[in-house]
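Novice: sequence and predicted structure are below.
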Amino acid sequence: MGIDRIHEEDGVVTVTLNRGKVNALTGVVVEEMHKTLSDLEHDTTVRAVILTGHGNFFSFGFDIPEFLSYSKEEFTKYLIKFTNLYTYMFLYPKPIIAALNGHTIAGGCMLALACDYRIMVSEKAKISLNEISFGSSVFAGSAEMLRFCVGSQKAAQILYSGALYTADEAKELGLVDDVRPGEELLDEVTRLASDLSNMNYPAFRSIKFHLRKPVADEMRLKEKESIKEFVDIWYSDSTWEKLKDIKIY
């Protein structure tokens with residue numbers, strides 16, 4: 001429905017978002033990704049995962065036109081699934097690397113933040129947590145992941161501005177770890193994934209847990225209330241009018 005799984009050599013598996021032109025996220029896509037990653041976690045032949053997108057987008061984020069038909073209750077259930085997914089990814093015991101092949105926006109950026117590393121294509125692609133630009137908020141978990149990656153001051157800059165950053169600008173901010181031309185992107189990501197996959201797995205898992213569990217504990221503590229607040233803002237009159245103007249092509 002929206003996730004392709006391609007086996008690579010040496011225990012590295014590539015998972016590709018593949019839904020329409022912009023790889024927009026829906027409940028079905030989120031469930032499929034969670035199941036795919038869970039299967040790979042329990043597959044002893046898999047030692048690292050690459051997450052990328054099909055075409056010119058990593059992901060546009062939420063499929064906003066689809067969610068306009070949802071009730072508050074239905075949308076809340078989706079948001080719980082989505083935030084559970086990125087929290088699961090944030091603590092994923094195996095190396096998971098985002099190959100940002102194109103535009104990485106809003107919810108797509110949140111999924112990228114959950115990965116261990118982010119390498120972005122150097123061409124025209126932009127990355128952003130641009131929710132404030134259409135009157136939306138973010139989740140407590142996404143704010144915590146952003147702060148973990150870039151620090152508090154830069155996190156405030158990114159979230160308050162809602163700016164669309166080039167790959168080089170994103171690297172300077174710490175949103176991405178490296179930038180590569182399109183023809184080199186997957187080779188570089190595969191090299192990094194292979195290097196990480198050859199590390200001692202129990203040691204990697206333990207160190208990642210020590211680094212990230214305190215952050216994940218904060219995410220879980222605040223997430224339920226932040227989802228409620230997010231929904232209230234999403235369905236407010238001023239935000240709803242802006243959401244109706246958003247098109248996905």
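Specialist: Nice, I can see it. Numbers count the residues shown, from 1 in each chain.
Novice: what is the mean pLDDT for the helix ranked longest in the chain?
Specialist: Longest helix in the chain by number of residues (criterion: DSSP state H): helix 201-234. Helix 201-234 shows a mean pLDDT of 97.
Novice: got a list of what the one residue sitting closest to the centre of the chain touches?
Specialist: Centroid-nearest residue in the chain, with C-alpha atoms, centre = their mean: residue 111, separated by 1.0 Å. Counting by C-beta atoms under 8 Å, 6 or more residues apart in numbering, residue 111 makes contact with 51, 59, 85, 86, 89, 98. Every C-beta, even on glycine, is put in place using the N, C-alpha and C of the backbone.
Novice: go again with 7 Å.
Specialist: 59, 86, 89 (C-beta atoms under 7 Å, 6 or more residues apart in numbering).
Novice: following the helix or strand hosting it, which helix or strand comes up?
Specialist: Secondary structure assigned from DSSP states H and E places residue 111 in helix 107-113. Sequence order places strand 117-121 as the next helix or strand after helix 107-113, per DSSP H and E.
Novice: name every strand pairing with the helix or strand that that next one is followed by and say which way it goes.
Specialist: On the C-terminal side of strand 117-121, the closest following helix or strand by DSSP H and E is strand 126-128. Within its sheet, and counting by DSSP bridges, strand 126-128 is paired with strand 103-105 (parallel), strand 165-166 (antiparallel).
Novice: as CSV, those with mean neighbour count would be great.
Specialist: Output for the strands paired with strand 126-128, formatted as CSV (neighbours: other C-beta atoms under 10 Å):
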stretch, mean neighbour count
strand 103-105, 27
strand 165-166, 20
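Novice: can you give me the pLDDT of the residue nearest to the centre of the chain?
Specialist: In this model, residue 111 carries a pLDDT of 98.
Novice: ok, the one 5 residues further on next?
Specialist: Looking at residue 116, its pLDDT stands at 98.
Novice: buried stuff in stretch 179-187?
Specialist: Within stretch 179-187, the residues scored as buried using 16 or more other C-beta atoms under 10 Å are 179, 180, 185, 186.
Novice: what of stretch 111-118?
Specialist: Buried residues in stretch 111-118, counted by 16+ other C-beta under 10 Å: 111, 112, 113, 114, 115, 116, 117, 118.
Novice: looking at these, which one is closest to residue 126?
Specialist: Of all those, the one with the least separation from residue 126 (C-beta to C-beta) is residue 112, at 12.6 Å.
Novice: residues contacting the closest one?
Specialist: Counting by C-beta under 7 Å, 6+ apart, residue 112 touches 58, 98, 100, 104, 118.
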